[in-house]
Structures are given as structure tokens and as C-alpha cells.
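Chemist: Provide a 3D model corresponding to the input given below.
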Amino acid sequence: GHGGILPASKLTEEIAEIRGVKMGADVHSPPRHAAFSNPAEMLQFAAQLRELSGGKPVGIKLCIGYPVEFAAIVRAMVDTGIRLDFITVDGGE
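Modeler: Residues are numbered from 1 along each chain as shown. Reported below is the predicted structural model:
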């Protein structure tokens, strides 16, 4: 992943508390998640979240830098049989 920046103007007190950051500054989002390192592991994580939440919908928000990144997620869904309930694409692609 590539990560991103949450502008200070969009930073809420709730987000600041959750992320452990100070209000009034841009927040750099990490380009990866500590719980997984590839699309198949991400889907396993999503399946675990779905199970722990009692079946609530689970999805992802992503900003695609290269089409091959999205293709890898789709391939992992086919290979694992795990489907996301939604995918939100962020950005001006």
C-alpha cells in the first residue's frame, strides 16, 4: 500500500483519540496494517472481524496506485473464497 494523509481540517477529536495523535496537525496514515502483509491475509483478517462481530458487513477502503494491486485482492478473493461485503475506492483515479 501507499498510505495517505488525513488533513488536519478533517481530523476529529474521536479520530485523534483513536489514533493517539494531537489535534491540529496532518495525520500520516500508514501504508500497511500490522495484522496482515498480503491480500490473502487481509481477507482472513476480514473474515475474523466478520465472525467476531456476529456477521456484520466487513469491507475495505483503498486508494489504488496501480491496477495490479486491485487485481491481487480480487485474485485472493477467488483463491480463498472469502468475499468482502464492500470495497470503497478513494481517490481521483
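Chemist: what about the residue of the chain most remote from its centre, which SS state?
Modeler: The C-alpha centroid of the chain is most remote from residue 24, which lies 23.6 Å away (CA atoms, centre = their mean). Secondary structure, DSSP: H, G, I helix; E, B strand; the rest coil: residue 24 is coil.
Chemist: got a list of what it touches?
Modeler: Taking CB atoms under 8 Å, 6 or more residues apart in numbering as the contact definition, residue 24 lies against 8, 11. Bear in mind the C-beta positions are built from the backbone N, C-alpha and C, glycine included.
Chemist: For residue 83, see how far away it is.
Modeler: To residue 83, residue 24 is 40 Å away according to CB to CB, to the nearest Å.
Chemist: For residue 38, give me phi and psi.
Modeler: Per-residue torsions, residue 38: phi -150, psi 170 (degrees, to the nearest 10).
Chemist: so how many other residues sit close to it?
Modeler: 11 (other CB atoms under 10 Å).
Chemist: Give me the neighbour count for residue 73.
Modeler: Neighbour count for residue 73, taken as other CB under 10 Å: 19.
Chemist: looking at it, it is touching residue 42, isn't it?
Modeler: Yes: counting by CB atoms under 8 Å, residue 73 does reach residue 42; the two are 7.4 Å apart.
Chemist: Find residues that contact each of the two.
Modeler: residue 60.
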